[in-house]
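Q: Requesting a structural model of the entry that follows:
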Amino acid sequence: MSVFGNIVSAIFGHGATTAAAGSAAVPGVPAAKGTPTVAGSAATGKPMAREQVEEMIEKLADTQGEQYNWRESIVDLMKLLKLDSSLGARKQLAQELGYTGARDGSAEMNIWLHKQVMTKLAESGGVVPASLQHA
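A: Numbers count the residues shown, from 1 in each chain. Model prediction:
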């Protein structure tokens, strides 16, 4: 699965249960449309406001013992979601999202990644876009 897909899964599908079966979601697989998520909202596939995405992430952050600067830092966002935040993972994410600058872990790259991730999360409504599913 793509790094972006893992981010979506961690926010919208991690620990989710299907309403009908009541079984745990498969880790690494994005929630199906309408599936309740760990943040209590459903993955709709419909665009959301950035504020709605931030509220979902804030609910996850509230359950952590550590404080993360996830609103500004792609590294902290990935750490909060318990994902690999290494330079290699961020390089892969940069490739998936179409970053054209140097993939060297610079502040410029990291700021761009954070902005793009937050934008794409809101645009996708919790569903990984087809173009990013197997990147």
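Q: which stretches of this protein form helices?
A: Secondary structure of the chain by DSSP state H: the helices cover 3-8, 50-62, 74-80, 87-97, 107-124.
Q: Among those helices, show me which one is buried the most.
A: helix 3-8 (a mean of 24; mean count of other Cβ atoms under 10 Å). In this view, the C-beta of every residue, glycine as well, is placed from N, C-alpha and C.
Q: distance between that helix and the chain's centre?
A: Computed by Cα atoms, centre = their mean, to the nearest Å, the chain-centroid distance of helix 3-8 equals 5 Å.
Q: tell me what it is packed against?
A: When contacts are defined as 3 or more Cβ pairs under 8 Å, 6 or more residues apart in numbering; DSSP states H and E, helix 3-8 sits against helix 87-97, helix 107-124.
Q: Indicate which one of the ones you listed is closest to residue 10.
A: Minimum separation from residue 10 across the helices and strands packed on helix 3-8 (Cβ to Cβ) falls at helix 107-124, 10.7 Å.
Q: Return the alpha-carbon coordinates of that closest one using PDB.
A: Taking C-alpha atoms only, helix 107-124 is exported to PDB below (Å, rounded to 0.1, in the frame of the first residue of the first chain):
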ATOM      1  CA  ALA A 107      12.100  21.900   5.400                       C
ATOM      2  CA  GLU A 108      10.700  22.900   2.000                       C
ATOM      3  CA  MET A 109       9.900  19.300   1.100                       C
ATOM      4  CA  ASN A 110       8.400  18.500   4.500                       C
ATOM      5  CA  ILE A 111       6.200  21.600   4.600                       C
ATOM      6  CA  TRP A 112       5.000  20.800   1.100                       C
ATOM      7  CA  LEU A 113       4.300  17.200   2.100                       C
ATOM      8  CA  HIS A 114       2.300  18.300   5.100                       C
ATOM      9  CA  LYS A 115       0.200  20.700   3.100                       C
ATOM     10  CA  GLN A 116      -0.500  18.200   0.400                       C
ATOM     11  CA  VAL A 117      -1.400  15.400   2.800                       C
ATOM     12  CA  MET A 118      -3.800  17.600   4.700                       C
ATOM     13  CA  THR A 119      -5.400  18.800   1.400                       C
ATOM     14  CA  LYS A 120      -5.700  15.300  -0.100                       C
ATOM     15  CA  LEU A 121      -7.200  13.900   3.200                       C
ATOM     16  CA  ALA A 122      -9.900  16.600   3.000                       C
ATOM     17  CA  GLU A 123     -10.500  16.100  -0.700                       C
ATOM     18  CA  SER A 124     -10.700  12.300  -0.400                       C
END
